[in-house]
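Q: need a structure here:
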Amino acid sequence: MSDLDDLFEAAKAVREKAYAPYSNFLVGAAFRTPDGTIFTGCNVENASYPVSVCAEGGAVSAMIAAGYTRIAEAVVIGDAALCTPCGMCRQRFSEFGTKDLVVHVADLDGIKRSFTMDELLPAAFELKDE
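A: Residues are numbered from 1 along each chain as shown. Sure thing, here's the model as predicted:
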């Protein structure tokens, strides 16, 4: 199994734990740090939609809580083939990755497309280069 397969499987597994009673739209995210550590997150909805948590936001929180600050690669998996990260999550990626960070977008069958942050958020507030 490749590193990307491991990341996909982690995102797929955490997606099943999502709490989405209002939309029924389950999303999972898995990030790999430069040293190979994987962090995951799933969406958690609330009756007040603005306070809901995106899968990517949950994974970022877990990563930061563990003392990491850099995303090297990411997979986002939803119910649709192209469940690309929302604008808020794209900004998170830009702050904890680089413009060359690759975000893979998947459905339950596998990776469908891969984007660099430069493609997803070409005019971010600040893109950090290593």
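
Q: helices of this protein, start to end?
A: According to DSSP state H, the chain carries its helices in the segments 3-15, 55-65, 87-96, 117-120.

Q: got the contact list for the last one?
A: The one in question is helix 117-120. If you take Cβ atoms under 8 Å, 6 or more residues apart in numbering as the criterion, helix 117-120 is touched by 84-85, 90, 93-94, 97-101, 103, 124, 127. C-betas here are computed from N, CA, C, even on glycine.

Q: least confident secondary structure element in the protein?
A: helix 117-120 (a mean of 88; mean pLDDT, DSSP states H and E).

Q: that older thread, how about the helices of the chain, which one is nearest residue 71?
A: Residue 71 lies closest to helix 87-96 among the helices of the chain, at 4.8 Å (Cβ to Cβ).

Q: let me see the mean pLDDT of the closest one.
A: On average, the pLDDT along helix 87-96 is 91.

Q: between the contacts of helix 117-120, which is nearest residue 68?
A: Minimum distance to residue 68 across the contacts of helix 117-120 is 11.8 Å, recorded for residue 97 (Cβ to Cβ).

Q: that closest one contacts residue 72, correct?
A: Yes: in terms of Cβ atoms under 8 Å, residue 97 counts as a neighbour of residue 72; the distance is 7.4 Å.

Q: now do the phi/psi pair for residue 27.
A: The phi and psi torsions at residue 27 (degrees, to the nearest 10) take the values phi -130, psi 140.

Q: so it is in contact with residue 19, correct?
A: No: Residue 27 is not in contact with residue 19 according to Cβ under 8 Å; the separation is 10.8 Å.

Q: higher neighbour count, the two?
A: Higher neighbour count among residue 27 and residue 19: residue 27, with 27 against 13, using other Cβ atoms under 10 Å.
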